[in-house]
Structure formats: C-alpha cells, structure tokens
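Asker: Pasting the sequence and the predicted model now:
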2 protein chains.
Amino acid sequence: MKFTCEKSNLQEAISIVQKAVTGRSPMPILEGIFIEAINNELRLIGSDIDLSIETKINANIIESGRIVVDSKIFGEIIRKLPNDEIAIETTENNSIIITCQNSIFNLIHLNADEFPSLPNIDDDMMFVIPQSTLKNMIRGTSFAIAQDETRPILTGILFEINDKMLNMVALDGYRLAIRNEYIDTENSISAVIPGKTLNEVAKVLEDTNEIANITFTTNHILFNLGVTKIISRLLEGEFIKYSSIIPQEFNLKVTVNKQKLQNGIERASLMAKEGNANLIKLDIEDESMVITSNSQLGKVREEVAINLQGTTLQIAFNSKYLLDVLKIMDEEEVVMEFSSSVSPCVVKNKEKNNCKYLVLPVRLAK
Amino acid sequence: MKFTCEKSNLQEAISIVQKAVTGRSPMPILEGIFIEAINNELRLIGSDIDLSIETKINANIIESGRIVVDSKIFGEIIRKLPNDEIAIETTENNSIIITCQNSIFNLIHLNADEFPSLPNIDDDMMFVIPQSTLKNMIRGTSFAIAQDETRPILTGILFEINDKMLNMVALDGYRLAIRNEYIDTENSISAVIPGKTLNEVAKVLEDTNEIANITFTTNHILFNLGVTKIISRLLEGEFIKYSSIIPQEFNLKVTVNKQKLQNGIERASLMAKEGNANLIKLDIEDESMVITSNSQLGKVREEVAINLQGTTLQIAFNSKYLLDVLKIMDEEEVVMEFSSSVSPCVVKNKEKNNCKYLVLPVRLAK
C-alpha cells in the first residue's frame, strides 16, 4: 500500500470514524482504524461492532492495499503533522512509514483481514431527512434514555414511522421525551437504536440541510450521508407502549417564558443540590409560579410570571428533570399541563407541535 | 448589615477573592468569604492562611456589619442572579437575605469574628512592577517548581533583588528556570514564595501596565494592586545557591526556530510517551538537529534546521522538560548551549536577555 493525501482531509476523516472507536468492545483490533487505499480513494472505517462509521477521501493511490492502525496514536500523529501533503506506505515488519516535510514516522500496523466487515445493508426501507433535523431530534430525546441497564430496551431511542410522521421517543421511568417531524415516505417502521451510538451519530451530523438517507434492516440502521456511512445495530425487544402513558386531559395549563422559568429553577436548584435529591416545589397561582427549595444552608424563593388556565396547584419535582427538558427546548414560550400533584406534567412548545415531554412529580410526605 | 450593590461588581470581587479559597486549609471558616460593609464600600477577603486576597467594591451601605458566607454557594448564587442591583441584609437565625428582582435567597452565615485577620504589613521594603511583567515572570518560572515535598523550599519561587535586578528562580532537580527584569529600587531582598500561591496570584494579575506595589516583611509578601491586595506567606529556609549550578562555558551553541523545534519535539514525544519516560534523542549536526524516539509502537525521526557553532553532539532528554521550557518562551529564535552529553543544556532567548533555562539530559546506557 502506498498513497499520498492532504493532511487536513485525512485528519477530518479520522475524526469522523474515531466517533465509532469507543473502546467499549473487547476486541483489540477495534481500537484501530481500518484504511483501504483503492481507486484513488482512501476508505476509513472505525467500529465498536454496535456502531460502525465509514468515510472516504480523495488520495493519490500509488499502490493499493489495506491496513489497520491504532486509532489514538495514528490520529495524534496526523493531527500534529504540518498542514501539507502526507505520504504513507507499508514497509517490512508490519509497519507503515508516514512522511510529511521533515517528519518520518514508523508505526506498526495490524492485519486488515481481522477487521470485521460492515453489515450488509440493502436499500429496502429508505427515507430521507435533513441532517440538522435528525441532529435536533436526537438531541431532543437522548437525554431521557435510561442510564442503567435494568431494562436494556430503555437505553435506546424508539424510531417510529407511521402516517408520514417520524416519532423519536426515549423514556427512563421518570420522564419521557417525544420529538416528531413530517417524513415523506409511505413506509412504516418501529425500531430501537442504542442511545449511546445515536449520540455519536449526532456528532457526525452537520447543522445543515444536507440530506441523510436512512435505511433499516432487521438488525441494523444505516445513515448514509454521502461519503460517510454510519451503521448502528438495533436493540432487540419491544419498546414500551408509550402513548398510553401520555395524559390526554389536564386541569390546568400554564404558559410561561421558557428562559425565565429555566433561570428560576436553576437558581432554586442551587439550594436543592445539597443532599436533597434536587427537590423543588412549585406553587402555581393565578399570575405567578412560585418556586421554592430549602436545605441546611438556607432557602430560596423564585417567582415567575405565568398565564394560568384552570385551578391552582402545588407540585414538587426533581429540578434536574425539568431543567433537562427546558434546556433543549428552543421556543420563547412553553406550555405546561398538569392534572394533580401526583400526575405527570406535560411540557410542549407553545407554537410548534414537534415535541412533547413528560416529567413525573415527586410525591411529598404529608 | 444591609447594603445594595451591582451584581456584576460583586461577582467580579467574589471571583478575585475565591482564588485564595483553596480548600487546602483544615479550618472550616476558610471555606467562606469574609464580607465587611462599611463607609460605602464592601470589603471581601478570601484566605487559606498561606494566601489571602482582599478586594473592595462600591456599595450602598444602609447598615454596616460583617459576615462570612460559604464561598462556593454564595458565589454560585450571585453568578446565577440577573444582571441587576442586589440587596443583601442580615436577618435572624444567622442568615442573610439576598434579593434581586424576583429572587429571594436565605443563606446561613458564619461568625466574622472567627475569620483570621490579615497579617499586618508595613510599607518598608517596597518596589513597583507592571502587573503584566510580574505575571509573565511567574508563568516563566512556576512550571519548574518541585512537585513533591521532599525539599519544601523547592516548592517555592525565589524572589531575589540585587543591583536593581529582580530575579525569579525555580528548580526541581531536573531543570532550573530564571526570569529577570530591571527594577527601579535600591533595596536588596531574597525571599521564597510558595509556587502554588504564586499561580493564584498570576490569575488575579492583569495583562496590563497597571502597577503592582510589592512589599516584603520577615514572613510575608504583599502585592498591592490598588483595590485588591494579595498577601502570601514566605517559605522558611535557604534557597539553593543556584548560580553555581549554571554552566559558564559551553562547547556548542545551537540557534534554532523555537516553533519548529517545539513542533518536532512534540511529534517525537508521541512515540516517546508509551512507558518510555518521554525519552527523545538529539543528534546535533552541522546544519540540522535530528530528533528520534522509539517505542513498541514504532519510531520517529524529525529534522530541524539549525545554526551550529562548535562540535557535533548526541544527547538525550525527557521531552517534557524541553517542551515546558519552549512552550513559555516567546521569541522566534532560541539559543541552546551544550557542553557534553551528560551536562545540562542552557536555553535562552536569542534577543532579549531576560530568561535562562537549564535542563538536565538523560544519561543513555552504553
């Protein structure tokens, strides 16, 4: 194998495929990056089995071939080289020589045949979505996946397509997040993707209207971004019937400035932190919501102007769960619907109907 | 105690005095900030005994008084409050009430009488130096202080004034750093200041020509920056007679582009890292310095153009010690003087005669 390429191109490709080199796999070969030089292209793959990322860059291939090199040290070497043309070729003793200006590195490589091949994906079940939309939907749900593995299916995010609507759903027993967008497809699908791999996918997605082609098989999902392809395995099992959890009715509806509510809760949380399970109390009155919290260090009272439809209510929350939701919402005003002090609160945008969040309250001792 | 002040002023003052609240003292009261309201000024002090920082801001004092509040939670509360006027007053149960717009905090406070008073400093031994110069001198030497406490005096930086010259010196047995600047004073002094506290002092100093007044007593140094005063204790004991360590002669002198040398050594270090004590070898030849290193992962050869006066030499270093020096030097070209492969290397600026660094080589097994 022998080729030359631009340092900046190679560095960018490495940083993309490294998102899949997570160190979570027990196979040593997966700490490496697979590099194939063929047809004036360099093909790079990083993988931890659950997630594989492939990307391609232009290169001047003098002799085709393929190797696997340690992801960390190879990435560091390329990053530290001058911004110029880099030449790489294989040499004796299972090594490659990396040359750039006055720098020469000899680096051992592994056998590319030991690198697992990518799952075969046919193009059956396909739809397209702008990368920025997909990125926002992942961001808007992944915070709510379960952190423990007691119910593995809850560590994933449900992808559900029905009636030209894509719903992404995550829940962990304390809160539930739904993001939905219109999708131009006749297909229906219901699949659960590991949340951790989706977070890596989100890092590769661009904040642009560039398209992601999405294809499902029985066991995998493929995000095709053009030169970059991301393949994640699906989680096995049935997701929770989440729609039955969402309250259809409410007794009071609060409209409130998102940022002011978030600031008030953040300040109240300062007192709630100290060994107190982030407990904050909301007193919802006619024109204001009073947020209180106390600990050994002292107490706090925050007042936020609201518009209330319905009756007044006292309810308590783990402030972290409310803040997680408010932080990723982007409208100026949000709507909160409550039924009682022991029923979940539903948080929505005031304008756009593209998300719904459920947060369970904390039951206060009488 | 009762006063109002601007949030931004109070926040800045807190962030200054917090530099001295290090949690290194066993006295719980020193996790607090001392606040005194008197004569339309608020005086804040943070201290860990070794280091004390006092600063003042304008405030509208309605009732004078003094308290101590927990540095961390008080700092967080003030930081999170809206950018507006803040009112603070003491209330029953050893608490203060902090009010700002729609936020009300009750926070317990400690007894200000338990807070240690600042050491008394008379103005005997004083000289002035621009803050930015002092900041650079600290930055240019503090990396070389000893990290272990085997010889406590070496965890400090020597302040030495002789013949209108301020020398700051640090050394740890592997390298030595000297920075010097002209000082307009007739005084002489030799005192050792704890390196850790000087690093905190550097954070408070501004990158400007604003003056720092420096006063010494038997046990303390006072940095008077106007509204802010920083007092550090001195280390007891005699500093090493460093001047006898510095080689007066050399057999070869290398002039080299600082950034190119630094880049080459950084890349060579990538290979040197792997359980190899950062070992790099320099082959100093007529027009080039060849830097090599190797490990189980492979090897590297870097070549940097140099101007050599004298004979050729092979010498080895812990790359970290050379990099620490090169990173804080700011001239385009540096001069390196060598005598033999077992003698220290001296690194200096090519133009300005304001620093001198010594790095011990690593003796290679024959």
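Answerer: Ah, there it is.

Asker: ends of stretch A:110-124, how far apart?
Answerer: 35 Å (C-alpha to C-alpha, to the nearest Å).

Asker: hmm, which helix or strand of chain A has the shakiest average pLDDT?
Answerer: strand A:125-130 (a mean of 87; mean pLDDT, DSSP states H and E).

Asker: Just the mean pLDDT for the helix or strand that that strand is followed by, thanks.
Answerer: Heading C-terminal from strand A:125-130, the first helix or strand you meet, by DSSP states H and E, is helix A:131-142. Summarised as a single mean, pLDDT over helix A:131-142 is 97.

Asker: List the buried residues of helix A:131-142.
Answerer: Within helix A:131-142, the residues scored as buried using 16 or more other C-beta atoms under 10 Å in any protein chain shown are A:131, A:133-138, A:140-142. Heads up, the C-betas are built off the backbone N, CA and C, glycines and all.

Asker: Tell me what angle it forms with strand A:125-130.
Answerer: 100 degrees (axes from the mean of the first three to the mean of the last three C-alpha atoms, to 10 degrees).

Asker: can you list the weak-confidence ranges in the stretch 51-200 of chain A?
Answerer: A:123, A:125 (pLDDT under 70).

Asker: please redo it, this time with the cut-off set to 50
Answerer: Scanning the stretch 51-200 of chain A for pLDDT under 50 picks out no residues.

Asker: Near chain B, which residues of it? Just list them.
Answerer: Proximity of the stretch 51-200 of chain A to chain B, by C-beta under 8 Å from any C-beta of the partner chain, involves residues A:70, A:73, A:76-77, A:80-82, A:95, A:102-108.

Asker: cutoff 7 Å now
Answerer: Within the stretch 51-200 of chain A, the positions lying close to chain B (C-beta under 7 Å from any C-beta of the partner chain) are A:70, A:73, A:76-77, A:80, A:95, A:102-108.

Asker: Endpoint to endpoint, stretch A:201-209 covers what distance?
Answerer: Stretch A:201-209: ends 16 Å apart by C-alpha to C-alpha.

Asker: do the same with stretch A:346-356
Answerer: Stretch A:346-356 end-to-end distance (C-alpha to C-alpha) = 7 Å.

Asker: From the chain's centroid, how far away is it?
Answerer: Mean-position distance between stretch A:346-356 and its chain equals 20 Å (C-alpha atoms, centre = their mean, to the nearest Å).

Asker: Buried residues in that stretch, which are they?
Answerer: In stretch A:346-356, counting by 16+ other C-beta under 10 Å, buried: A:346-349, A:354-356.

Asker: Domain boundaries for chain A, per the record?
Answerer: A:2-114, A:125-244, A:252-359 (automatic domain parsing).

Asker: from the chain's centre, how far out does the second one sit?
Answerer: For domain A:125-244, the separation from the chain centroid amounts to 9 Å (computed by C-alpha atoms, centre = their mean).

Asker: For residue B:70, see how far away residue A:157 is.
Answerer: The gap separating residue A:157 from residue B:70 is 40 Å, by C-beta to C-beta, to the nearest Å.

Asker: related to what we said a few turns ago, so which of the buried residues of helix A:131-142 is the closest to chain B?
Answerer: Of all the buried residues of helix A:131-142, residue A:140 has the smallest distance to chain B: 24.7 Å, by C-beta to the nearest C-beta.

Asker: bridging residues for the residue nearest to the closest one when sequence neighbours are not counted?
Answerer: Once flanking residues are discounted, residue A:140 sits nearest to residue A:179: 4.3 Å by C-beta to C-beta, 6 or more residues apart in numbering or on different chains. For residue A:179, the beta-bridge assignment (DSSP bridges) gives partners residue A:168, residue A:355.

Asker: any chance you could map the helices in the stretch 251-366 of chain A?
Answerer: A:258-272, A:319-328 (DSSP state H, counting those that start in this stretch).

Asker: do the same with the stretch 101-250 of chain A
Answerer: A:131-142, A:195-204.

Asker: now the angle from the first one to helix A:195-204?
Answerer: Between helix A:131-142 and helix A:195-204, the angle comes out at 150 degrees (the same axes, to 10 degrees).

Asker: For helix A:131-142, name the packing helices and strands.
Answerer: strand A:165-171, strand A:175-182, helix A:195-204 (3 or more C-beta pairs under 7 Å, 6 or more residues apart in numbering or on different chains; DSSP states H and E).

Asker: Can you name the residues that contact residue A:45?
Answerer: A:17, A:34, A:52, A:54, A:118 (C-beta atoms under 7 Å, 6 or more residues apart in numbering or on different chains).

Asker: In this structure the last one contacts residue A:231, no?
Answerer: Yes: with contact defined as C-beta atoms under 7 Å, residue A:118 and residue A:231 form a contacting pair (6.1 Å).

Asker: Give me the common contacts of these two.
Answerer: By C-beta under 7 Å, 6+ apart, the residues touching both residue A:118 and residue A:231 are residue A:52.

Asker: Just want to know which of these two has more residues nearby.
Answerer: residue A:231 (24 against 16; other C-beta atoms under 10 Å in any protein chain shown).

Asker: Now do that one against chain B, distance only.
Answerer: Remark: distance between residue A:231 and chain B (C-beta to the nearest C-beta, to the nearest Å) = 29 Å.

Asker: That residue: what's it in contact with?
Answerer: By C-beta under 7 Å, 6+ apart, the neighbours of residue A:231 are A:52, A:118-119, A:121, A:220, A:222.

Asker: repeat that for 6 Å
Answerer: The contact partners of residue A:231, taken as C-beta atoms under 6 Å, 6 or more residues apart in numbering or on different chains, are A:52, A:119, A:220, A:222.

Asker: what are the phi and psi values for the residue nearest to residue A:174 when sequence neighbours are not counted?
Answerer: Distances taken as C-beta to C-beta, 6+ apart put residue A:360 closest to residue A:174, at 5.3 Å, once the chain neighbours are dropped. Here is the backbone geometry of residue A:360 (degrees, to the nearest 10): phi -80, psi 140.

Asker: right, and residue A:360 touches residue A:344 too?
Answerer: Yes: checked against C-beta atoms under 6 Å, the pair residue A:360 and residue A:344 is within contact range at 5.2 Å.

Asker: Pick out whichever of these two has more residues nearby.
Answerer: residue A:344 (20 against 17).

Asker: And the next helix or strand past whichever helix or strand residue A:9 is part of?
Answerer: Taking DSSP H and E as the criterion, residue A:9 maps to helix A:7-17. Later in the chain than helix A:7-17, the nearest helix or strand by DSSP H and E is strand A:32-38.

Asker: tell me which strands and helices that next one is in contact with?
Answerer: strand A:41-47, strand A:65-70 (3 or more C-beta pairs under 6 Å, 6 or more residues apart in numbering or on different chains; DSSP states H and E).

Asker: Ok, which of the ones you listed comes nearest residue A:227?
Answerer: Across the helices and strands packed on strand A:32-38, residue A:227 has its closest neighbour in strand A:41-47 (9.2 Å, C-beta to C-beta).

Asker: Report the strands that pair with that closest one, each with its relative direction.
Answerer: strand A:32-38 (antiparallel), strand A:51-58 (antiparallel).

Asker: and those, which is most packed in?
Answerer: Ranked by average neighbour count under the criterion mean count of other C-beta atoms under 10 Å in any protein chain shown, the strands paired with strand A:41-47 are headed by strand A:32-38 at a mean of 23.

Asker: How far does that one sit from its chain's centre?
Answerer: 26 Å.

Asker: What are the buried residues along the helix holding residue A:9?
Answerer: A:7, A:10-11, A:13-17.
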